[in-house]
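Student: Sequence first, then the predicted structure, then my questions.
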Amino acid sequence: MTVPTFAEVSLLPASNDFVVPREFEDQNGHMNIQHYLGIAGDGVDRGMVPLGVPQDWPQTAGLGVFSAEQHLTFVAEVHAGDRVTFHLRLLERSDRGVHAVGYLLDQARARVSFVLEAVWLHVDMTVRRTAVWPAAVAALLDERIASDSALGWTPVLSAPMALRHRVG
């Protein structure tokens, strides 16, 4: 898989900044798979806050975001003591979903370490079914998608993953 450069991904805001603790290493001497996804998941949650999706949204508004599909690509190892940052890029949205890609950057070696491509769905938690994005959130998603698409580089995506119904 071809990945964008460290410099290109660094143009995206970091939504997680983390130093890998010793207990995250596995028997192979690098960070275990579960922790790549955990750091990325936390980065997604934090990255959605400026887009009108607070982490307590299910409790405060009865709304949530569910993961529908994910594609994980491990590019380079990280180890205990390494500082990593997570950067989220929004690609497109539908009336009920969003397609995004996130990157874990290894700050010590200035390289992309991990790529998470995902489709997330907006959910009405009272009925646990997909729902149309609230207008204010949809507008913020659209602004961010436009901003991210203007960065001057195109992410490489997994072929089978995409939204079923796009907006616009």
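Tutor: Great, that's in hand.

Student: Once you drop chain neighbours, what's closest to His35?
Tutor: With CB to CB, 6 or more residues apart in numbering as the criterion, His35 has its nearest non-adjacent residue at 4.4 Å, and that residue is Phe24. (Glycine included, C-beta is placed from N, CA and C.)

Student: May I ask which helix or strand encompasses Leu72?
Tutor: strand 63-74 (DSSP states H and E).

Student: buried ones in that strand?
Tutor: Leu63, Gly64, Val65, Ala68, Glu69, His71, Thr73 (16 or more other CB atoms under 10 Å).

Student: What residues does the last one make contact with?
Tutor: Taking CB atoms under 8 Å, 6 or more residues apart in numbering as the contact definition, Thr73 lies against Met1, Val3, Phe114, Val115, Glu117.

Student: same thing but at 10 Å, please
Tutor: Thr73 makes contacts with Met1, Val3, Val101, Tyr103, Val112, Ser113, Phe114, Val115, Leu116, Glu117, Val156, Ser158, as judged by CB atoms under 10 Å, 6 or more residues apart in numbering.

Student: go on, the first one?
Tutor: Contacts were defined as CB under 10 Å, 6+ apart; by that measure Leu63 touches Val53, Pro54, Trp57, His122, Val123, Asp124, Met125, Thr126, Ala131, Trp133, Pro134, Val137.

Student: Go through these and flag which are in helices.
Tutor: Trp57, Val137 (DSSP state H).

Student: got TSV for the contacts of Leu63, with distance to Arg96, neighbour count and pLDDT too?
Tutor: Below are those laid out as TSV (distance: CB to CB, whole Å; neighbours: other CB atoms under 10 Å; pLDDT from 0 to 100):
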residue	distance to Arg96	neighbour count	pLDDT
Val53	13	23	97
Pro54	19	15	96
Trp57	15	20	96
His122	5	24	98
Val123	9	20	98
Asp124	10	15	98
Met125	14	15	97
Thr126	16	9	96
Ala131	6	17	97
Trp133	7	26	98
Pro134	11	14	98
Val137	11	20	98
